[in-house]
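Undergrad: Need coordinates for the below:
(one chain, ligands or ions: 1)
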Amino acid sequence: MRIDFTKMHGLGNDFVVLDGRKQRLPALDAAFATALADRHTGIGCDQLIVLEPSEHGDFRMRIFNADGSEVEACGNATRAVGLLHGRPARIETLGGMISASPCDGGISVEMGKPRFDWDAIPLAYAMDTHTMPLAWEGLASPVAVNVGNPHVIFFVDDPYAIDMERLGPLIETDPVFPERVNVNVAGITARDAITLRVWERGAGLTRACGTGACATAIGAMTRGLVDRKVTVTLPGGPLQIEWREDGEIVMTGPATESFRGNFDPADYGLAAGSTD
Ligand SMILES: N[C@@H](CCC[C@H](N)C(=O)O)C(=O)O
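TA: Now for the predicted structure:
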């Protein structure tokens, strides 16, 4: 038995997509996701994406970080699977139901509504999430937002001056974030423009993070730093983020298919037995 995959990316945030609607997949676990994501001995990706049938939407999308953790949301992967689908789709995720549609700028995704309550982030104890009374060395007073997954956002003069390789993992794993956290450092360059770098929970520094762009835009809007439509520029390129009057976050940007292939699950230490 071989398994077909599609390698995709959104602004360089890359994915291995397995379509479990079209083939029987082995039982998925953290070890399998980690082995597949390994850039030296596997196919290599930031996230493993698995599509399954859904009773509530057009399909279900499961998201595994490179460290094997299964998580609730991935903005760039949502655009990628929207491209694969080729027409408007309602997608069930652990973070809720979202929808993706092809459009002029690539794929547009309705990501849901942001949550700000401390226990919805979640944080370990009650505090103001709009200006958290915490600091990690020079990084202080962030905003925390949940856009399906948890984010903390620091507004700084120059995101590229921050040592994210060192501070990212420190903040990601701080006990104040019981489910860990995605760490964003952002610079405001105009009322409609933000520069962003993201240390992703379970994946490290990525070239782009769609949910990070959404959370950062929302954090900047709640602080009155930008208008309700912004361009968020990540190392991999720009995303358009709008916070609509009805509360919905809309993210628009490109998605790309890199190549297709197949592999033998036995090469990843998996028994050939399958589940469906
Ligand atoms: N790259 C993604 C986010 C993937 C999940 C994240 N690392 C988490 O653990 O919540 C995106 O584009 O949003």
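Undergrad: For the residue lying closest to residue 114 once chain neighbours are set aside, which three-state class applies?
TA: Excluding its sequence neighbours, the residue lying closest to residue 114 (CB to CB, 6 or more residues apart in numbering) is residue 218, at 4.7 Å. (Each C-beta comes from the backbone N, C-alpha and C, glycine too.) Secondary structure assignment for residue 218 (DSSP: H, G, I helix; E, B strand; the rest coil): helix.
Undergrad: how many other residues sit next to residue 218?
TA: For residue 218, the number of neighbouring residues by other CB atoms under 10 Å comes to 26.
Undergrad: Also residue 128?
TA: Residue 128: 12 surrounding residues under other CB under 10 Å.
Undergrad: got a list of what it touches?
TA: Applying CB atoms under 8 Å, 6 or more residues apart in numbering to residue 128 gives no contacts.
Undergrad: what pLDDT does it get?
TA: pLDDT, residue 128: 98.
Undergrad: do the same with residue 186
TA: Reported pLDDT at residue 186 in the predicted model: 99.
Undergrad: Repeat that for residue 276.
TA: On the pLDDT scale, residue 276 is placed at 39.
Undergrad: Would you mind confirming that the residue nearest to residue 114 is in contact with residue 243?
TA: Yes - between residue 218 and residue 243 there is a contact under CB atoms under 8 Å: 6.0 Å.
Undergrad: Common neighbours of these two, please.
TA: 114, 249.
Undergrad: before we move on, back to that, residues touching the residue nearest to residue 114, list them.
TA: 114, 145, 147, 243, 249.
Undergrad: which among those residues gets closest to residue 79?
TA: The shortest approach to residue 79 among those belongs to residue 249, at 13.5 Å (CB to CB).
Undergrad: From residue 153, how far off is that closest one?
TA: Distance from residue 249 to residue 153, counting by CB to CB, to the nearest Å: 14 Å.
Undergrad: Residue 245 too?
TA: From residue 245 over to residue 153 the distance is 22 Å, taken as CB to CB.
Undergrad: The two: who's more crowded?
TA: Set residue 245 next to residue 153 and count neighbours by other CB under 10 Å: residue 153 wins out with 26 against 7.
Undergrad: helices or strands up against the host helix or strand of the more buried one?
TA: Assigned by DSSP states H and E, residue 153 belongs to strand 150-155. If you count contacts as 3 or more CB pairs under 8 Å, 6 or more residues apart in numbering; DSSP states H and E, strand 150-155 packs onto strand 143-146, strand 182-190, helix 210-222.
Undergrad: Which of the ones you listed sits closest to residue 92?
TA: Each of those was scored for nearness to residue 92 using CB to CB, and the closest is helix 210-222 (16.4 Å).
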